[in-house]
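Visitor: fold the stuff below for me.
(one chain, ligands or ions: 1)
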Amino acid sequence: MSLDTKYEDNNIFAKIINGDLPCVKIYEDENILSFMDIFPQTEGHCLVIHKKAASVNILDMPTDALAEVILIVQKVARAATAALSPDGVRIVQFNGASAGQTVFHTHFHVIPTNDGMPESNHASGSPHPTEELEAVAAKIRAAL
Ligand code: AMP
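Guide: Model (predicted):
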């Protein structure tokens, strides 16, 4: 998928927004949804997306939608760090397959990090058990 690829309505995150696929939710308002990454690289790895901006990447995202989503990225990052007390938190956002993007609906990763702790590979392996994701999500939600 190149940088100027067209938005496809049937991508995984569009299906999550529509309720056609489940997610372990952290935060939702009229425009924004945050949920646990199903292949977490670390404990607390979650994603933040805009529900109404049909954008593939940061380059084609309307600036008002980008402003809305980044505010919630900060809110979720604050909650994740308050809940999990990591050593750091990585905010990541990939644009184009060449850059590592695998889902073509603009999203931000919030990835708590800990010194010396191994991390799983990006978007690979087996889906994490829902109960485990839910247990971590509950801690983050409580800190929102
Ligand atoms: P990216 O590679 O930056 O496009 O990120 C896509 C992310 O979505 C990866 O970290 C995947 O682990 C994650 N992911 C893929 N499918 C799902 C899903 N059904 N629910 C939650 N996260 C997912």
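Visitor: closest to the centroid, which residue in this protein?
Guide: The centre of the chain sits closest to Leu47, judged by C-alpha atoms, centre = their mean, with a distance of 1.0 Å.
Visitor: pull up the residues of this protein that are close to the ligand.
Guide: Within the chain, the residues that sit near the ligand (C-beta under 6 Å from any ligand atom) are 12, 21, 23, 37-39, 94, 100-103, 122-123. Every C-beta, even on glycine, is put in place using the N, C-alpha and C of the backbone.
Visitor: and these as TSV, adding distance to Leu144 and secondary structure?
Guide: What follows is these, written out as TSV (distance: C-beta to C-beta, whole Å; DSSP: H, G, I helix; E, B strand; the rest coil):
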residue	distance to Leu144	secondary structure
Ile12	24	helix
Leu21	23	coil
Cys23	16	coil
Asp37	17	coil
Ile38	21	coil
Phe39	23	coil
Phe94	25	coil
Gly100	28	coil
Gln101	27	coil
Thr102	27	coil
Val103	24	coil
His122	26	coil
Ala123	25	coil
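Visitor: CA atoms of stretch 91-101 as CSV?
Guide: Only the C-alpha atoms of stretch 91-101 are listed here, as CSV (Å, rounded to 0.1, in the frame of the first residue of the first chain):
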residue,chain,number,x,y,z
ILE,A,91,3.8,7.1,20.7
VAL,A,92,4.1,5.6,17.2
GLN,A,93,2.3,6.2,13.9
PHE,A,94,3.2,4.5,10.6
ASN,A,95,2.4,5.8,7.1
GLY,A,96,2.5,3.4,4.2
ALA,A,97,3.5,-0.3,4.1
SER,A,98,7.1,0.7,3.6
ALA,A,99,7.0,2.5,7.0
GLY,A,100,5.5,-0.6,8.7
GLN,A,101,1.8,0.3,8.4
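Visitor: now it: buried residues?
Guide: Using 16 or more other C-beta atoms under 10 Å as the test for burial, stretch 91-101 gives Gln93, Phe94, Asn95, Gly96, Gln101.
Visitor: which of the residues of the chain next to the ligand are buried?
Guide: Cys23, Asp37, Ile38, Phe39, Phe94, Gln101, Val103, His122.
Visitor: can you pull the contacts of Ile73?
Guide: To be clear, residue 73 is Val; Ile isn't right here. Val48, Ile91, Phe108, Val110 (C-beta atoms under 8 Å, 6 or more residues apart in numbering).
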